[in-house]
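Chemist: Okay, here's the prediction I keep looking at, along with the sequence it came from:
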Amino acid sequence: MNKVMLIYPPGKLYQRSEDRAQCNLDEAATGAIHACNDLGYCAAVLLEKGYEVFLRDYQTEGVSFAEVVGDVRTFKPDMIVLSTTNSSVKTDLAFLKKLSRFHRSICVVKGALFYDIELSLLSHLDLEHISCLIGSEMEFVIGALADYYLRGEGQIAEINGIIYQENGNFKKNRFLCGTNDLDSLPFPARQLMKNELYVRPDTGEPMATIATGLGCPSNCIYCLTPIISGRNVRKREVENVFSEIEECYYKFGIRNFFFKADTFTIDEAYATAICERIINSELKGKIAFTVNSRVKPLSMRLLKKLKQAGCFMIAVGFESGSDETLKKIKKGTTVADNVRAAKMIKQAGIPLFGFFMLGFPWETKADILQTKRLIESINPDFIEVHVAMPYYGTELYSIALEQGVLTSDGFGHDYYEPNTKGTKTLSLEEVLELKKKILLSFYVRPQYICHKMGQAITQPKVMLNYCRYGLNLVKKNLFK
């Protein structure tokens, strides 16, 4: 009773390691799958405790169900742990149920949707074959769960952030967020991960995800981060982060990184310290990385430091071109702030990836067109447009319910197929049509295409990837 199997199931591509986003990448305009760090951290913890661990990301490999069955029959796991998303949960549960016909084991499912959820909502899901649901940061509870289920050690009622089945009924433990020490974790078990699956979108080179911090003090009404990871920003020690970078570079040959934090630039002193550690090391000029950022706080001083250290892209959640919407979603920014931040990032010479949202319950066509004008004004290098998705537990969920635009509890839905009927004045079909027009008007511009092809003219691999993403974008929008 010491074998644990950690998996992403086969099927569509979901950003399963991202609690707040959970994006369906099969529907996304652009973007790349991030490494399965949630499974990697769990594997590292379990290995330290003496468990035999099998880890495989079936969805990103694109393998069949038959291959999963073969692995299960060979490995014979005592426990299977699956990472799910709000959109894929029903499909994932059906997958586990089907898999149980070939091998019986304890089944544990991790997903942000289970964070302190009302137990009555679980009746909407087929959980008969599931022993435990993890709604908290799984890497901090997986060791205790394995000890309880496989070694008969500890008390399950004392494990934070889980819902477990006992005598046919589910019981919910306390959910405490933002209490874990990130430096206490071992580095993700990359020796068990197929690192070549996770690549930098433009060059196709392997790209590792390195978690630098968790938590966000912001109040955005649509985001799960402050609910799951807390409003207190927990940061790893700079030297701890750099040691993981070194391990990736020297042991696994990885030179590109996504520094994952709920907002990497929110603490300028910390972000600067990581940059300076890189700049003053022998890795300067040998590695590159991307980060996410808020519009505020953001300074030219930090942007220059990021550029010097090797930042090849900054992703920013601008969200809206309507000051009214920005106020209502409690973003803490204005349209003027959005324009200022975009201008600074361009002046620093760092490519900009802009994220935008539309279809909030109160929005009209005029509000959405303001967002379109903002995109045209700041002209990022790449964009992604999401339709507002009221995830259970967020303030947006309560607003959508109150305003009568919510259609379901949200299971099986995401930014690309939200659980709303649109806004108070626009149908969901009208919102989706506006989204499609915004994406196509941005990407299918002769000026934009020529500019991007010109940038990549001396890099055949980048040119090929740009073409591939462009064709996928047109296919997903023009012919859908």
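Modeler: Received, thanks.

Chemist: going forward, measure contacts and count neighbours with C-alpha atoms only.
Modeler: Fine.

Chemist: hey, which strand is longest across this structure?
Modeler: Using DSSP state E, we find that the single longest strand of the chain is strand 311-319.

Chemist: Show me what the next helix-or-strand element following that strand is in contact with.
Modeler: Heading C-terminal from strand 311-319, the first helix or strand you meet, by DSSP states H and E, is helix 323-328. The contact list for helix 323-328 (Cα atoms under 8 Å, 6 or more residues apart in numbering) reads 319-320, 332-335, 360, 363, 367.

Chemist: export those to a markdown table and tack on distance to residue 107 and secondary structure?
Modeler: As requested, those are arranged in a markdown table below (distance: Cα to Cα, whole Å; DSSP: H, G, I helix; E, B strand; the rest coil):
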| residue | distance to residue 107 | secondary structure |
| --- | --- | --- |
| 319 | 38 | strand |
| 320 | 41 | coil |
| 332 | 41 | coil |
| 333 | 43 | coil |
| 334 | 46 | coil |
| 335 | 47 | helix |
| 360 | 37 | coil |
| 363 | 42 | coil |
| 367 | 45 | helix |
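
Chemist: In terms of distance to residue 398, which of those residues ranks first?
Modeler: residue 360 (12.3 Å; Cα to Cα).

Chemist: Tally up the residues packed near that closest one, please.
Modeler: Residue 360 has 26 neighbours, counted by other Cα atoms under 10 Å.

Chemist: Where do the strands of the stretch 1-150 of the chain begin and end?
Modeler: 3-8, 52-57, 79-83, 106-110, 132-134 (DSSP state E, counting those that start in this stretch).

Chemist: got it, and the stretch 251-400 of the chain?
Modeler: Along the stretch 251-400 of the chain, counting by DSSP E, counting those that start in this stretch, strands occupy 256-260, 288-293, 311-319, 352-358, 382-387.

Chemist: Minimum distance to residue 36: which of those has it?
Modeler: Ranking those by proximity to residue 36 (Cα to Cα) places strand 256-260 first, at 12.3 Å.

Chemist: Give the partner strands of that closest one in its sheet and their orientations.
Modeler: Strand pairing for strand 256-260, using DSSP bridges, gives strand 207-211 (parallel), strand 288-293 (parallel).

Chemist: Redo those as JSON lines? Include distance to residue 83 and mean pLDDT.
Modeler: Output for those, formatted as JSON lines (distance: least, Cα to Cα, whole Å; pLDDT from 0 to 100):
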{"stretch": "strand 207-211", "distance to residue 83": "17", "mean pLDDT": "97"}
{"stretch": "strand 288-293", "distance to residue 83": "23", "mean pLDDT": "96"}
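
Chemist: just these: most buried one?
Modeler: strand 207-211 (a mean of 23; mean count of other Cα atoms under 10 Å).

Chemist: which residues in the stretch 1-150 of the chain form helices?
Modeler: 37-48, 58-61, 65-75, 89-99, 142-151 (DSSP state H, counting those that start in this stretch).

Chemist: highest average neighbour count across these?
Modeler: When the helices of the stretch 1-150 of the chain are compared using mean count of other Cα under 10 Å, helix 37-48 is most buried, at a mean of 22.

Chemist: just the angle between that one and helix 142-151, please?
Modeler: Helix 37-48 and helix 142-151 are oriented at 50 degrees to each other (axes from the mean of the first three to the mean of the last three Cα atoms, to 10 degrees).

Chemist: Helix or strand for the nearest residue to residue 443 once chain neighbours are set aside, just tell me which one.
Modeler: Closest residue to residue 443 apart from its sequence neighbours, by Cα to Cα, 6 or more residues apart in numbering: residue 449 at 7.2 Å. Applying DSSP H and E as the criterion places residue 449 in helix 446-455.

Chemist: Could you list the buried residues of that helix?
Modeler: Within helix 446-455, the residues that qualify as buried are 449, 452-453, counting by 16 or more other Cα atoms under 10 Å.

Chemist: Just name the closest of those to residue 187, please.
Modeler: Distance to residue 187 across the buried residues of helix 446-455 (Cα to Cα) is lowest for residue 452, with 36.4 Å.

Chemist: mean confidence for the longest strand of the chain?
Modeler: Averaging pLDDT along strand 311-319 gives 96.

Chemist: could you say what helices and strands it packs with?
Modeler: With contacts taken as 3 or more Cα pairs under 8 Å, 6 or more residues apart in numbering; DSSP states H and E, strand 311-319 sits against strand 288-293, strand 352-358.

Chemist: got the ones you listed as a markdown table, with distance to residue 458 columns?
Modeler: Listed next are those as a markdown table, based on distance: least, Cα to Cα, whole Å:
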| stretch | distance to residue 458 |
| --- | --- |
| strand 288-293 | 19 |
| strand 352-358 | 21 |
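
Chemist: Tell me which of these approaches residue 157 most closely.
Modeler: Nearest to residue 157 among these is strand 288-293 (36.6 Å), distances taken as Cα to Cα.

Chemist: who's in contact with the closest one?
Modeler: The contact list for strand 288-293 (Cα under 8 Å, 6+ apart) reads 255-266, 309-317.

Chemist: cool, stretch 378-393 as well?
Modeler: Residues outside stretch 378-393 that contact it (Cα under 8 Å, 6+ apart) are 28-30, 113, 117, 222-224, 227, 339, 342-343, 351-360, 396-397, 400, 409-410, 413-420, 431-432, 435, 439.

Chemist: Tell me who's in contact with residue 420.
Modeler: So residue 420 contacts 389-390, 400, 405-408, 428 (Cα under 8 Å, 6+ apart).

Chemist: filter the residues you listed to the buried ones?
Modeler: Buried among the contacts of residue 420 (16+ other Cα under 10 Å): 389-390, 400, 405-406, 428.
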